[in-house]
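Visitor: Starting from these lines, generate the structure:
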Amino acid sequence: PKTPLFPPKLLFPPEQRMVLVACGPFTPSDGVAFEPLSDLLEVVARDRPDVCVLFGPFLDAKHEQVESCQLLGSFSDVFRLCLRTIIEGTRSAGSQLVLVPSLRDVSHDFVYPQPPFSFPDLPKEDRARVLLVPEPCTLDID
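Guide: Below you'll find the predicted structure:
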């Protein structure tokens, strides 16, 4: 039998998905005020991606203020505040949120492969749309 040169066209085109992917660190090199993260959250609110995949580090162990312990709170407190900011900042867009750790995340296990973040304070309203994954991981965005 003859093989067509082009695959047959689908009757209905597959649904398009908008996926936003960003990689940390989400702080400037001269401070830990998370301005780049705020800018990113504005883009998420404006563009309303279906899926938002964020790779760490979320609080970079190599940041000068982290290395010299010049934060206003503990590493875990600042990290939880960062995650809360991301989760709340993407809520109105309705984006599926995927958080991937980095070996440079100061408040996470320094082993490879890395387990997913533990975030027991994740609000119930966000549990269906926030996915905490290990590194490495395979994502099937369907």
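Visitor: From here on, just use CA atoms for contacts and neighbour counts.
Guide: Fine.
Visitor: Pull out the buried positions in stretch 95-115.
Guide: Within stretch 95-115, the residues that qualify as buried by neighbour count (16 or more other CA atoms under 10 Å) are 95-109, 114-115.
Visitor: same question, stretch 119-138
Guide: Neighbour-count burial for stretch 119-138 flags 126, 130, 131, 132, 133, 134, 135 (criterion: 16+ other CA under 10 Å).
Visitor: Tell me which stretches of the chain form strands.
Guide: 19-23, 51-55, 96-100, 130-132 (DSSP state E).
Visitor: in the protein, which helix or strand is least confident?
Guide: Least confident helix or strand of the chain, by mean pLDDT, DSSP states H and E, is helix 64-67 with a mean of 68.
Visitor: thinking again about what came up before, take the buried residues of stretch 95-115 and keep only those in helices.
Guide: Of those, none are assigned to helices by DSSP state H.
Visitor: Give me the distance between residue 41 and residue 128.
Guide: Separation of residue 41 from residue 128 (CA to CA, to the nearest Å): 19 Å.
Visitor: Who are the contact partners of residue 102?
Guide: Neighbouring residues of residue 102 by CA atoms under 8 Å, 6 or more residues apart in numbering: 55, 56, 57, 114, 135.
Visitor: please redo it, this time with the cut-off set to 6 Å
Guide: Counting by CA atoms under 6 Å, 6 or more residues apart in numbering, residue 102 touches 56, 57.
Visitor: what's the spacing between it and residue 24?
Guide: The gap separating residue 102 from residue 24 is 9 Å, by CA to CA.
Visitor: which residues do the two both contact?
Guide: Residues touching both residue 102 and residue 24 (CA under 6 Å, 6+ apart): 56, 57.
Visitor: what's across from residue 23 in the sheet?
Guide: According to DSSP bridges, the residues that bridge with residue 23 are residue 55.
Visitor: shouldn't it be in contact with residue 55?
Guide: Yes: in this structure, residue 23 is within contact of residue 55 by CA atoms under 6 Å, at 4.5 Å.
Visitor: Name the residue in the two with the higher neighbour count.
Guide: The residue with more neighbours, out of residue 23 and residue 55, is residue 55; 18 against 13, by other CA atoms under 10 Å.
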